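[1] compute the structure for the input listed below.
(chains A and B)
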Amino acid sequence: MSLELQIQKALAEAFKATFDLDMEQEKLVLQPTRKEFVGTHTFVTFPYGKLTQKNPQQTAELLGHYLKDSHSLIADFQVVKGFLNLSLKPSAWVSWLAQRTVGEWQKLPLRGEKAMIEYSSPNTNKPLHLGHLRNNFLGFAVAQILEAAGFEVCKANLINDRGIHICKSMVAYRQFGNGETPEQSGKKGDHLIGDYYVKFNEVYKSQIQTLIAEGNTEKEAEQNAPIMQEAREMLLAWEAGDAQVVALWKKLNSWVYEGFEKTYKDIGVSFDTYYYESETYLLGKEIVEEGLKKGVFFRKEEGSVWADLKAEKLDEKLLLRGDGTSVYMTQDMGTADLKYKDFPMQHSIYVVGNEQDYHFKVLKVLMQKMGRAYADGIFHLSYGMVELPEGKMKSREGTVVDADELLAEMIQIAKNRTEELGKIENFSVQEAEQLYRQLALGALKYYLLRVEPKKKMLFNPEDSIDFQGNSGVYLQYTHAKISAILRKAERDNIAYDAEAYAAVSEFEASESELFYLLSQYENTLREAADSYSPAVMANYMYELARAYGKMYADLPIFPESDAAKKAMRIALSAHTGEVLRAVARLLGIEMPEQM
RNA sequence: GUCCUCGUAGUUCAACGGAUAGAACAACAGUUUCCUAAACUGUAGAUGCAGGUUCGAUUCCUGCCGGGGGCACCA
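    Here you go, the predicted structure:
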């Protein structure tokens, strides 16, 4: 049983014994004691005045006395107004640490539930940019977190490989490409195709201007620009299965996939299954028919099919055009069923930007109306855009922060900083290269993950990404320092097992703080899983590293004369390292042993 | 027009309805005979505005102001 639970149980007993009140122990929530007061766990008694017939302060006093007198866990208490601050006995912490270090603590018990996480889901007409990185890191981290929290997880990538966007690149390539290939040009396939997408838009723009100059309205110009018409025709040809168009499409897409795979590998994300829009875009019509039969949807006179969601304040939603063709929502309904068929899940998570909030609200309501088993478990993990100081990134105009380029720059910065500091002279070239990558990716991932997903975030290329302070590098540095401590303990043959530190009977403040934070791993993981928020883990990891940094600076380890204390500090260091590594793994961040 | 979302130090981010709103960067001032100074310590600095609910509101509700996004037989 966790310390938290033991305290809650004790509190329930205290309520019973002192006030003859039966409290549900889960509701007796504890919060961390603020560091200006003594203690680790705080119970707030303001809400219980009516029940106990005492004022909050008296309530806290009475509960505190009971706990101190009757519970082996509680060393002391202190009351400030309605706050009951509890201090646990060092022996309790010490045995907690002893148990912890032998047990399996990284994962919560299995829940017997499945969760599918769809993320990344790129369009195949351009390379990944900074916004995609946020998506990829979020999706991967949430998958890891849910798995650690006891879910069976499936990571899915739904590739948007068809549609007008890829036709634009195809048209531009056909006109201007001269058969260029990734091999000859030395470009990654996704970049090559992305360049043609930009090219398309340049030509499109100039054609619009010409047409406007010839007296067309802007709308007409946009409609009639020859290159756009060509793209539309190509889309129709693709849908008709035109052999040449399909062959071109396959070739260009295969180049893009190679490029994506390289990037995915570089940034350390992976998938368990792939869906291709070209294979799913026709799905969903049967669901519309089913909905019509059930009377959930209705047909307008012209033949189009709609769902009336006015009761849900979502207005009316088109599901099938008058000519019987699908819209985006139609295929998403079909894909939702397909996913469930492949992986019958209780939770279906979509990592998609917040501009689609409405879409996913509607999707969920529609599937609920259709009575789908998985419908209540649909969750749109909506995240805010990554903006530049001058505003939104626009692929069309090529004003994006490219993922591959950014990573390369980060690696270069990591290299420069590391060389300045000169701490890895013993490294081989390969080891050094690996370290630069770890630092660069760690900085990038932590930077993007520490912000609450739904908030938009600003990226300023001028400032780059932090390598100091509240940064991924700080966490890695803490881990590297810990590793050095452990190497030294090993070398000097200093034991730090449970027996070696069992005798410790008092703590310094920074040790208590560290113990407390280490004990919060499960709670934090549960909270992160419940809210699908890697930011919760990221912030926890930073707090933990900071607490360790403080202890490291305040207290000597090897010069400590009390052998038990020395052993305990090493054991604390070791476990802090383990927790940091465990959390970092959830976020996809690697922790170096030396830096 | 309507719906959703965000608004916290100069800047970028924190804070299950709880104590004197935490960090980091930037600024200023300190700390290496001692385990990695990519660190540690200190100083200064913030809840958009107006109401309401509550013992208690950055957090919940209403209105306003400001930023972002959505809503069309587009994807």
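
[2] just the pLDDT for whichever residue of chain A sits closest to RNA strand B.
    In chain A, the residue that lies nearest RNA strand B is residue A:469 (2.0 Å; Cβ to the nearest atom of the strand). The C-beta positions use only the backbone N, C-alpha and C, and glycine is treated the same way. The predicted structure scores residue A:469 at 94 on the pLDDT scale.

[3] do the same with the one 3 residues further on
    Predicted confidence (pLDDT) at residue A:472: the value is 96.

[4] need the contact list for it.
    A:439, A:441, A:442, A:443, A:444, A:445, A:446, A:447, A:589 (Cβ atoms under 8 Å, 6 or more residues apart in numbering).

[5] re the thing from before, ok, how many other residues are close to the residue of chain A closest to RNA strand B?
    8 (other Cβ atoms under 10 Å).

[6] assign it to helix, strand or coil.
    Here residue A:469 takes the coil state, with states given by DSSP: H, G, I helix; E, B strand; the rest coil.

[7] tell me the domain ranges of chain A?
    Taking automatic domain parsing as the domain assignment, the ranges for chain A are A:3-88, A:118-288+A:323-397, A:289-322, A:403-587.

[8] where's the first one relative to the chain centroid, distance-wise?
    Right, the one you point to is domain A:3-88. What separates the centre of domain A:3-88 from the centre of its chain is 35 Å, taken as Cα atoms, centre = their mean, to the nearest Å.

[9] before we move on, what about the shortest one?
    On the basis of Cα atoms, centre = their mean, domain A:289-322 sits 35 Å off its chain's mean C-alpha point.

[10] that older thread, ramachandran angles for the residue of chain A closest to RNA strand B?
    phi 70, psi -140 (degrees, to the nearest 10).

[11] ok, residue A:74 next?
    Backbone torsions of residue A:74, given as degrees, to the nearest 10, read phi -90, psi 120.

[12] so it makes contact with residue A:67?
    Yes. When contacts are counted by Cβ atoms under 8 Å, residue A:74 is listed as touching residue A:67 (4.5 Å).

[13] common neighbours of the two, please.
    When contacts are counted by Cβ under 8 Å, 6+ apart, the set common to residue A:74 and residue A:67 consists of A:10, A:86.

[14] chain center to the strand or helix carrying residue A:244: distance?
    For residue A:244, the enclosing helix or strand under DSSP states H and E is helix A:243-267. When distances are taken as Cα atoms, centre = their mean, helix A:243-267 is centred 26 Å away from the chain's centroid.

[15] and for that helix, what are the contacting residues?
    A:120, A:122, A:124-125, A:127-128, A:133, A:136-137, A:159, A:161-162, A:166, A:169-170, A:173-174, A:181-182, A:188-193, A:234, A:237-238, A:270-271, A:403-404, A:407, A:441.

[16] now, which of these lie within helices?
    A:133, A:136-137, A:166, A:169-170, A:173-174, A:182, A:189-193, A:234, A:237-238, A:403-404, A:407, A:441 (DSSP state H).

[17] give me the number of residues near residue A:311?
    For residue A:311, the number of neighbouring residues by other Cβ under 10 Å comes to 7.

[18] OK, contacts around it?
    Per Cβ under 8 Å, 6+ apart, neighbours of residue A:311: none.

[19] quick one: name the residues of the stretch 151-300 of chain A near RNA strand B.
    Residues of the stretch 151-300 of chain A lying close to RNA strand B (Cβ under 7 Å from any atom of the strand) are A:160, A:163, A:164, A:165, A:300.

[20] which residues touch the third one?
    Going back to what we said before, that points to residue A:164. Residue A:164 makes contact with A:231, A:232, A:235, according to Cβ under 8 Å, 6+ apart.

[21] and the longest strand for chain A?
    strand A:151-159 (DSSP state E).

[22] one step back: looking at the contacts of residue A:472, which are in helices?
    Within these, residues falling in helices by DSSP H are A:439, A:441, A:442, A:443, A:444, A:445, A:446, A:447.

[23] got those residues as TSV, with neighbour count columns?
    What follows is the ones in helices among the contacts of residue A:472, written out as TSV (neighbours: other Cβ atoms under 10 Å):
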residue	neighbour count
A:439	26
A:441	22
A:442	28
A:443	25
A:444	22
A:445	28
A:446	27
A:447	22
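
[24] need the residues you listed in TSV (columns: pLDDT and distance to RNA strand B).
    Below are those laid out as TSV (pLDDT from 0 to 100; distance: Cβ to the nearest atom of the strand, whole Å):
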residue	pLDDT	distance to RNA strand B
A:439	97	5
A:441	96	13
A:442	96	10
A:443	95	9
A:444	95	13
A:445	96	14
A:446	97	10
A:447	95	8
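
[25] from the contacts of residue A:472, which two are the most distant?
    When these are compared pair by pair using Cβ to Cβ, the farthest-apart members prove to be A:439 and A:447, with a separation of 12.2 Å.

[26] check contacts around residue A:151.
    Per Cβ under 8 Å, 6+ apart, neighbours of residue A:151: A:111, A:113, A:114, A:115, A:347, A:529.

[27] can I get these in TSV with pLDDT, neighbour count and secondary structure?
    Compiled in TSV, these are given as follows (pLDDT from 0 to 100; neighbours: other Cβ atoms under 10 Å; DSSP: H, G, I helix; E, B strand; the rest coil):
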residue	pLDDT	neighbour count	secondary structure
A:111	95	14	coil
A:113	97	15	strand
A:114	98	19	strand
A:115	97	25	strand
A:347	96	18	strand
A:529	96	23	helix
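
[28] check those residues against RNA strand B, which are close?
    Filtering those for neighbours of RNA strand B using Cβ under 7 Å from any atom of the strand leaves an empty set.

[29] get me the contact residues on the stretch 351-500 of chain A for RNA strand B.
    Proximity of the stretch 351-500 of chain A to RNA strand B is assessed by Cβ under 7 Å from any atom of the strand, with A:354-359, A:384-385, A:392, A:414, A:417-418, A:421, A:423-424, A:439, A:450-452, A:454-458, A:463, A:466-471, A:473-474, A:477, A:480-481, A:483-485, A:488 identified as the residues in range.

[30] repeat the analysis, applying 6 Å as the threshold.
    Within the stretch 351-500 of chain A, the residues that sit near RNA strand B (Cβ under 6 Å from any atom of the strand) are A:354-355, A:357-359, A:385, A:392, A:417-418, A:421, A:423, A:439, A:450-452, A:454-455, A:457-458, A:466-470, A:473-474, A:477, A:480-481, A:484-485, A:488.
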